[in-house]
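The sequence isn't on hand, but the structure is:
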DNA sequence: TTGACAGCATACTCGGTAGTATGTTTGCAT
DNA sequence: ATGCAAACATACTACCGAGTATGCTGTCAA
């Protein structure tokens, strides 16, 4: 059973398609995108293959759309928050404070997209799949560039220590995505755990830059 | 006859088995452990399936032994370096300075073991596979505990900021493993790049703790 | 009422892969 | 030299899972 999915203004997505994406994210997360079969996803939906292949032409496209949605989630939340008029450190703290809760809210999607970073499953045969994965790459690049700009500005005005920009960027992104690797919601966790977690990671991330 | 004590000694591995593990790490890294077939590994070796199945009873065991070796590499190098008589910060810097070059030296192995962290491929049917994966879990736990002890001591004596220990630990480990996600050796990189990289990551890691 | 299409279910095909069974060579002790 | 494992190669089988072809059912417009 899947919770309510946030409707994105960008793509008017059918309700059924959204449910399939949620289920795919969940199943791909648990079994791994390669090991999981379309039948596994269908079973988790309480339906059959036919429904999935009615909305998605292939497993690769389904996987790609899960990853694309993961990318959109954070991008749409963090992107608008950046304010060129403010200081780099304030901007960065604000971005992180939005980024972390969002990836925790849409955790399965991000656990899936991370799989595509460690195992380069580019068996992408069809043209559509290649196009989608290219769009994912572009979107990630754009998202990185937002942080890159903040870091660059911060190194210039002395807020952050001057060092290799790419290494700094990758380390920062990994740090604020860290919960994706180890976090899974528990019943006995304190109510303010996520708040505390976000604060701590923000502090550590900013501290790592000085 | 030192044969008897070989039980506790690490593992006198045959040359051929080592070659197979190297090839498996390389191929699993490139294609993903699930997508890659045993024939792919054999082809990369210039041989056939028969050779692999002569040394390994199943693909799962092969994968497990790759992961186990990845774990051993860093454990054997970093483990002996810790000195209880020294300060937490000195210890931590020394450990990181050994950890990072070692994972870069044995990069394919670590790219593979990371896959098993994001995609929980527990199709482990056989008892042997379960035993091996359990040993991997235990070894990782032990390795984590080394850092946990240092962090705990550092928080107590004021070297490090006091905050959630588990979150700090996971973030630190992710930070010093960061190159596994994005680094691949290039011909045109400066000779001192790895040294600089190690220094920067050490600095960032320690800075993140204050 | 009908017919036409979206939204799925059912029942297949078919290629790829893990694993096996068995042959063949190489090293090596006696 | 000769026997005999170890260390492979070759040639299969069995099965799983992606993709397809087709059938079924509701909905809605004309």
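Arrived safely, thanks for sending. Worth saying up front: this structure is predicted, and the values here are computed from it rather than measured.

where does chain A dip in pLDDT?
Residue ranges of chain A with pLDDT under 70: A:1-11, A:120-124.

by contact count, what packs against the top helix by length along it?
Counting residues, the longest helix found in chain A (DSSP state H) is helix A:127-156. Taking 3 or more Cβ pairs under 8 Å, 6 or more residues apart in numbering or on different chains; DSSP states H and E as contact, the helices and strands that helix A:127-156 lies on are helix A:59-78, helix A:88-105, helix A:165-176. For glycine as for every other residue, the C-beta is placed from the backbone atoms N, C-alpha and C.

can you pull the buried residues of it?
Within helix A:127-156, the residues scored as buried using 16 or more other Cβ atoms under 10 Å in any protein chain shown are A:129, A:132-133, A:136, A:139-140, A:143, A:146-148, A:150-155.

which of these lies closest to DNA strand D?
The closest of these to DNA strand D turns out to be residue A:129 (Cβ to the nearest atom of the strand; 8.8 Å).

Distance check, the residue nearest to residue A:154 when sequence neighbours are not counted against DNA strand C.
Excluding its sequence neighbours, the residue lying closest to residue A:154 (Cβ to Cβ, 6 or more residues apart in numbering or on different chains) is residue A:88, at 3.4 Å. Distance of residue A:88 to DNA strand C, computed by Cβ to the nearest atom of the strand, to the nearest Å: 47 Å.

check contacts around residue A:88.
A:150-151, A:153-154, A:157, A:159-160 (Cβ atoms under 8 Å, 6 or more residues apart in numbering or on different chains).

And residue A:83, by the same measure?
By Cβ under 8 Å, 6+ apart, the residues touching residue A:83 are A:91, A:94.

and it, what element?
Using DSSP states H and E, residue A:83 sits in no helix or strand.

Outside of stretch A:17-27 itself, list whatever touches it.
Contacts of stretch A:17-27 (Cβ under 8 Å, 6+ apart): A:2-3, A:5, A:7, A:13, A:36, A:40-41, A:44-45, A:51-52, A:55-56, A:62-63, A:65-66, A:69-70, A:108-109, A:111-112.

Please repeat the previous calculation with a cut-off of 7 Å.
A:2, A:5, A:36, A:40-41, A:44-45, A:52, A:55, A:62, A:65-66, A:69, A:108-109, A:112 (Cβ atoms under 7 Å, 6 or more residues apart in numbering or on different chains).

Looking at those residues, which one is closest to DNA strand D?
Using Cβ to the nearest atom of the strand, those come closest to DNA strand D at residue A:36, 6.6 Å.

What is the neighbour count of the closest one?
23 (other Cβ atoms under 10 Å in any protein chain shown).

ditto for the one 4 residues further on
Close neighbours of residue A:40, defined as other Cβ under 10 Å, add up to 16.

For chain A, what lies in contact range of chain B?
A:30, A:32, A:34-35, A:111, A:114-115, A:117-121, A:123, A:163-164, A:167, A:170-171, A:174-175, A:178, A:181-182, A:197, A:200-201, A:204, A:207-208, A:210 (Cβ under 7 Å from any Cβ of the partner chain).

how does it look with 8 Å?
A:30-35, A:111, A:114-115, A:117-121, A:123, A:161, A:163-164, A:167-168, A:170-171, A:174-175, A:178, A:181-182, A:196-197, A:200-201, A:203-205, A:207-210 (Cβ under 8 Å from any Cβ of the partner chain).

Could I have the buried ones of these as PyMOL selection syntax?
Applying 16+ other Cβ under 10 Å to those, the buried members can be selected in PyMOL as follows:
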select buried, chain A and resi 30+31+32+33+34+35+111+114+115+118+119+121+163+167+168+170+171+174+175+178+181+197+200+201+203+204+205+208+209
